[in-house]
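Student: the following comprises the amino acid sequence and a computationally predicted model.
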Amino acid sequence: QVQLVESGGGLVQAGGSLRLSCAASGLTFSHYAVGWFRQAPGKERDFVAVFRWSGGSPDYADSVKGRFAISRDNAKNTVYLQMNTAIPEDTAVYLCAAGPLGMSTPPKDHQFNYWGQGTQVTVSS
């Protein structure tokens, strides 16, 4: 049984930092494309960052480029999202996801097979 479990969300002031984690069980992250999406109340789920291949550089949404960084620790089967210079518009539930390698860029949420339950991030102004 595949499980993705996010952690690290919370309340942060504008300009602050937060690091999210996503630990996987039942699958090996290095064999999948892994990424982060976010969903604000009343809005669609939006792409944030992804490793489309098991190696190589990640892709980012324009809205977070230069502020967020996705990383992975294959030994721990965990992917991270470092959020820096947070702004109130970053407030959302953040979800990690895994899917087949070699997705289009930017990836669409329907391309991912496995999802975590999400972790709430709130950025206060």
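Tutor: Structure received.
Student: what about the strands in the chain?
Tutor: Assigned by DSSP state E, the strands in the chain fall at 3-7, 10-13, 18-25, 33-39, 45-51, 59-60, 68-73, 78-83, 92-99, 114-115, 119-124.
Student: distance to Thr105, mean neighbour count and mean pLDDT added to these, as CSV?
Tutor: (Glycine included, C-beta is placed from N, CA and C.) Below are the strands of the chain laid out as CSV (distance: least, C-beta to C-beta, whole Å; neighbours: other C-beta atoms under 10 Å; pLDDT from 0 to 100):
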stretch, distance to Thr105, mean neighbour count, mean pLDDT
strand 3-7, 21, 17, 98
strand 10-13, 28, 13, 98
strand 18-25, 20, 19, 98
strand 33-39, 10, 24, 97
strand 45-51, 8, 22, 97
strand 59-60, 5, 19, 96
strand 68-73, 14, 17, 97
strand 78-83, 17, 22, 98
strand 92-99, 13, 23, 98
strand 114-115, 19, 16, 98
strand 119-124, 24, 17, 98
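Student: reformat the ones you listed as TSV; add distance to Pro106.
Tutor: Listed next are those as TSV, based on distance: least, C-beta to C-beta, whole Å:
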stretch	distance to Pro106
strand 3-7	20
strand 10-13	25
strand 18-25	19
strand 33-39	9
strand 45-51	5
strand 59-60	7
strand 68-73	13
strand 78-83	16
strand 92-99	13
strand 114-115	17
strand 119-124	20
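Student: for those, which one sits closest to Pro107?
Tutor: For those, distance to Pro107 was read as C-beta to C-beta. The smallest value, 5.4 Å, belongs to strand 45-51.
Student: and the angle for that closest one with strand 33-39?
Tutor: Orientation check (axes from the mean of the first three to the mean of the last three C-alpha atoms, to 10 degrees): strand 45-51 against strand 33-39 gives 150 degrees.
Student: what does strand 45-51 contact?
Tutor: Here strand 45-51 makes contact (C-beta atoms under 8 Å, 6 or more residues apart in numbering) with 33-39, 58-61, 63-64, 68-70, 72, 79, 81, 92, 94-95, 103, 105-109.
Student: please consider this matter closed, and thank you.
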